[in-house]
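**Q** next input, structure requested:
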Amino acid sequence: MGIGVSSWGLANAVSRRGQMGVVSGTGIDSVLARRLQLGDPGGHMRRAMENFPWPEMARRALDAYFIPGGKPADAPFKLNPMKKMKLGRRSVELLIVSNFVEVWLAREDHEGLVGINYLEKLQRPTLPSLFGAMLGGVDFVLIGAGIPLAIPGILDKIAQWDVAELRLTAVDNPNRHSYVQTFDPRQFAEGELFPLKRPKFLAIISSDILAQTFVRRASGYTDGFIVEYHTAGGHNAPPRKDRNFPDRVNQYGPKDEPNVEAIAASGRPFWMAGGYATPERIRWALDHGAAGVQVGSIFATADESGLTPEIRQEIIDRYLRGDLTVRTDFRASPTGFPFKVVDIDGTVGLNDVYEDRDRICDMGYLRDMYSIDENKVGYRCASEPISDFVDKGGTEEGAAGRRCLCNGLMATIGLGQVRDGIPEAAVVTGGDDFSFLDHVLKDGATSYDVNDVLNYLLCSSDSETAPMATQSELVQ
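**A** Alright, predicted model coming up:
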């Protein structure tokens, strides 16, 4: 659910109720750095860092970013280093510590299951991020927005403290130069090695073809799948081409319906996602062989989510008034993937706000790496200044309409950059269907929490009290 929306607090609350709480690992190093610059309200970041296995590494991160009492409201945040093919030690250490912190807090004081979600598109932070999450004891790793066939083997390697390698994707690479990132966890251990648990790996897919690809070609064992329909929030898989409708562009059709029977035939457990936030849809998923479901939007507007209270309330109020609009924007994301946008006044999803914003790329998570020669690469983002993008081999058409999701999503959780005293505008994402609000908002309430969500979802369709599923049934 974007950067920091599926936060440690939300995941912890879900796990305490016997389900699997999943934190977002996207941009988590910037999230930690900015929470520390706000003075770490509640002391949660520092409490987790005190439990990091190597105190000196945690101290270096704390010294670099912590501001007692917090920075002035009109002062900008200190930026993290931009992610390159070869990461500096400072950048690697912050990735390790931040992933540990988010997982550790999500796991604090309960025995439930915790997962972490990454994007295959964001490859450069992946290896140290996985290591940090594993140090925190993460149970599941979920990855989508691409085909992460290398991840199962990487998890095997890191769990054994072995050197892991990840082949990085480079665009504009006609000579097919190979670029490989190497990570040796032993180089960062500040003390004796200890056993690391290998988390289970769930690939986020949209078709049975991808399920079979992971079964046959993945570098190690793929433990299961999240089968995500295009009604889900965030990034979606692009529509599949249909020869019967050659003129249909940027439209989903029958070919985009996942073949659930074929996915079940893979023999791996799977969870359905995208429009499954009702007891009836959960029952349908279970009846068709799923181990359970993944839901996001219903938690995104719960009290425990990382969304700012103002944005959460605006979404709820708009739905109750009947003027909440969610659309699939095929231009918004610089990744090229379709992206769900919730239209709310003042957010960069709207064209007038987008046009008023100066284009800037100073976080760089979604930058493409492009080939220059066999030893050299460059980096560009379709949401950076158009002239810069074109100078690096991009096109004006490729940059048109692209939103800066890095800055926009950070603003959505109250950590937006401040420029000349003015905070960045947010960009809000969510699934197509918010009708669950009719069920979780009780007796005229305008807010709800995780308990309200799970009380609703874990009841059968014909009973308000009968439990429908336990953790052992939903997570194998």
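**Q** pLDDT score assigned to the nearest residue to Asp74 once chain neighbours are set aside?
**A** Nearest residue to Asp74 in three dimensions, chain neighbours excluded: Gly421, at 4.2 Å (Cβ to Cβ, 6 or more residues apart in numbering). Bear in mind the C-beta positions are built from the backbone N, C-alpha and C, glycine included. For Gly421, the model assigns a pLDDT of 91.
**Q** swap in Asp139?
**A** On the pLDDT scale, Asp139 is placed at 98.
**Q** if I look at the residue nearest to Asp74, how far off is Ala73?
**A** According to Cβ to Cβ, to the nearest Å, Gly421 stands 9 Å off from Ala73.
**Q** swap in Gly289?
**A** From Gly289 across to Ala73, the span is 52 Å (Cβ to Cβ).
**Q** next: Gly378.
**A** 36 Å.
**Q** these two: who's more crowded?
**A** A direct count of neighbours by other Cβ atoms under 10 Å for Gly378 and Ala73 places Gly378 higher, at 15 against 9.
**Q** which residues does the more buried one contact?
**A** By Cβ atoms under 8 Å, 6 or more residues apart in numbering, the contact set of Gly378 is Met369, Tyr370, Ile372, Lys392, Gly393.
**Q** out of those residues, which end up buried?
**A** For those, a burial check counting by 16 or more other Cβ atoms under 10 Å picks out Met369, Tyr370, Lys392.
**Q** distance to Leu127, secondary structure and pLDDT added to these, as CSV?
**A** Formatted as CSV, the buried ones among the contacts of Gly378 follow (distance: Cβ to Cβ, whole Å; DSSP: H, G, I helix; E, B strand; the rest coil; pLDDT from 0 to 100):
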residue, distance to Leu127, secondary structure, pLDDT
Met369, 15, strand, 95
Tyr370, 21, strand, 96
Lys392, 25, coil, 96
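**Q** let's have those residues in JSON lines, adding distance to Leu307.
**A** Formatted as JSON lines, those follow (distance: Cβ to Cβ, whole Å):
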{"residue": "Met369", "distance to Leu307": "31"}
{"residue": "Tyr370", "distance to Leu307": "34"}
{"residue": "Lys392", "distance to Leu307": "34"}
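**Q** send me the lengthiest helix in the chain as PDB with only the CA atoms.
**A** Looking across the chain with DSSP state H, the single longest helix is helix 89-107. Extracted C-alpha coordinates of helix 89-107, given in PDB (Å, rounded to 0.1, in the frame of the first residue of the first chain):
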ATOM      1  CA  ARG A  89      28.200   1.700   2.700                       C
ATOM      2  CA  ARG A  90      26.200   4.500   4.200                       C
ATOM      3  CA  SER A  91      23.300   3.800   1.900                       C
ATOM      4  CA  VAL A  92      23.500   0.000   2.500                       C
ATOM      5  CA  GLU A  93      23.600   0.400   6.300                       C
ATOM      6  CA  LEU A  94      20.600   2.600   6.300                       C
ATOM      7  CA  LEU A  95      18.700   0.100   4.200                       C
ATOM      8  CA  ILE A  96      19.600  -2.700   6.600                       C
ATOM      9  CA  VAL A  97      18.700  -0.800   9.700                       C
ATOM     10  CA  SER A  98      15.400   0.600   8.400                       C
ATOM     11  CA  ASN A  99      14.100  -2.700   7.100                       C
ATOM     12  CA  PHE A 100      15.000  -4.300  10.500                       C
ATOM     13  CA  VAL A 101      13.200  -1.500  12.400                       C
ATOM     14  CA  GLU A 102      10.000  -1.800  10.400                       C
ATOM     15  CA  VAL A 103       9.800  -5.600  10.800                       C
ATOM     16  CA  TRP A 104      10.900  -5.600  14.400                       C
ATOM     17  CA  LEU A 105       8.200  -3.100  15.400                       C
ATOM     18  CA  ALA A 106       5.600  -5.000  13.400                       C
ATOM     19  CA  ARG A 107       6.600  -8.200  15.300                       C
END
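**Q** which other residues reach the following helix or strand past it?
**A** Next helix or strand after helix 89-107 toward the C-terminus (DSSP states H and E): strand 114-119. Applying Cβ under 8 Å, 6+ apart, the external contacts of strand 114-119 come out as 6, 11, 15, 20-26, 99, 102-103, 106-107, 126, 129-130, 133, 137-146, 199, 202, 235.
**Q** of those residues, which belong to strands?
**A** Counting by DSSP state E, the part of the contacts of strand 114-119 found in strands is Gly21, Val22, Val23, Ser24, Phe140, Val141, Leu142, Ile143, Gly144, Leu202.
**Q** quick one: those residues as a markdown table, columns for neighbour count too.
**A** Putting the ones in strands among the contacts of strand 114-119 into a markdown table (neighbours: other Cβ atoms under 10 Å) gives the following:
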| residue | neighbour count |
| --- | --- |
| Gly21 | 28 |
| Val22 | 28 |
| Val23 | 30 |
| Ser24 | 27 |
| Phe140 | 20 |
| Val141 | 28 |
| Leu142 | 25 |
| Ile143 | 23 |
| Gly144 | 25 |
| Leu202 | 26 |
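**Q** so for those residues, which is the shakiest by pLDDT?
**A** Among those, Gly144 has the lowest pLDDT, at 89.
**Q** for the stretch 301-450 of the chain, just list every one of the strands.
**A** 325-329, 339-343, 368-373, 376-380, 418-419, 422-423 (DSSP state E, counting those that start in this stretch).
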